[in-house]
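> Here you go, sequence then predicted model.
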Amino acid sequence: EAFASGTALSERARRAAARQPDSFLARTARNEPIDGRHVLAGARAGDPTCLALLAEEADYLAQGFASLVHLFSPELIIMGGGVSQAFDLMEDRLIERVRQDVMPPFRDVRILQARLGDNSGLVGAATLDARCMAFAQALADRLARAGMPSVIARASVMEAEARTRSSLRLGNELGVAWLV
């Protein structure tokens, strides 16, 4: 998150705008605060600074993806979140760098852009929330049928709900959906 995220890209863009007063980013910064959307707009217009920033972002993402591939061995990585709006501009470099950085057995992992784009983390979190809440209710019902005192059953449901909230925070921080 500190290196490969919309926030990190925005910070690098602001520094680039300050270093290069005649650049697309510097001209944009005169009218509004710079963020990742401006990097994407500049890259699509062919601005070399913006293209270099996206190449750097792809390198950071590739390092993170390679680490996660070694940990989880997924067949597919689906990239979502705001930075994924530039996926088409980063795709080749991202795939090339991941394939360079992973061990040979993992080089066939596919990387795709999430269809939900910026909303993928939110939809994933809501889905996880719904599944966890359904599990928590089923657990409470089962405990009640087994004669468990309602206070213990409620505590079990509350723990399941707390785990859901923790998972939602983690999913939001990652912003990447993994299919194993």
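Received it, and whenever you're ready, just let me know what you need.
> CA only for contacts and neighbour counts going forward, please
Fine.
> quick one: contacts for the closest residue to residue 87 other than its chain neighbours?
Among residues not flanking residue 87 along the chain, residue 113 sits closest, at 6.4 Å (CA to CA, 6 or more residues apart in numbering). By CA atoms under 8 Å, 6 or more residues apart in numbering, residue 113 lies in contact with 78, 79, 80, 84, 87.
> Most neighbours among these, please name it.
residue 79 (26 neighbours; other CA atoms under 10 Å).
> Narrow the contacts of residue 113 to those in helices?
residue 87 (DSSP state H).
> Any idea which of the contacts of residue 113 the model trusts least?
Among the contacts of residue 113, residue 80 carries the weakest pLDDT, at 83.
> Could you double-check that that residue sits in contact with residue 123?
No - look at residue 80 against residue 123 with CA atoms under 8 Å: they stay out of range, at 10.7 Å.
> rewinding a little: for the residue nearest to residue 87, phi and psi?
For residue 113, the backbone dihedrals are phi -80, psi 140 (criterion: degrees, to the nearest 10).
> name the element the nearest residue to residue 2 once chain neighbours are set aside belongs to?
Using CA to CA, 6+ apart and skipping residues adjacent in sequence, the residue nearest residue 2 is residue 8, 5.9 Å away. Residue 8 belongs to helix 6-19 when assigned by DSSP states H and E.
> any idea which helix or strand comes after that helix?
helix 24-29.
> Of all the residues in that following helix, which ones are buried?
Buried residues in helix 24-29, counted by 16 or more other CA atoms under 10 Å: 24, 25, 26, 29.
> Let me see the ranges of the strands in the chain.
Ranges of strands within the chain are 76-79, 110-113, 176-179, based on DSSP state E.
> Worst mean pLDDT among those strands?
Lowest mean pLDDT within the strands of the chain: strand 176-179, at a mean of 38.
> What about residue 17, how many residues nearby?
Neighbours of residue 17 using other CA under 10 Å come to 22.
> so what's the nearest residue to it once chain neighbours are set aside up against?
Nearest non-adjacent residue to residue 17, counting by CA to CA, 6+ apart: residue 26, 4.3 Å away. Residues in contact with residue 26 (CA under 8 Å, 6+ apart) are 16, 17, 18, 20.
> so which of those comes closest to residue 64?
residue 16 (23.1 Å; CA to CA).
> For the closest residue to residue 98 other than its chain neighbours, grab the count of nearby residues.
In this structure, residue 98 finds its nearest non-sequential neighbour in residue 62, 5.0 Å apart by CA to CA, 6+ apart. Neighbour count for residue 62, taken as other CA under 10 Å: 23.
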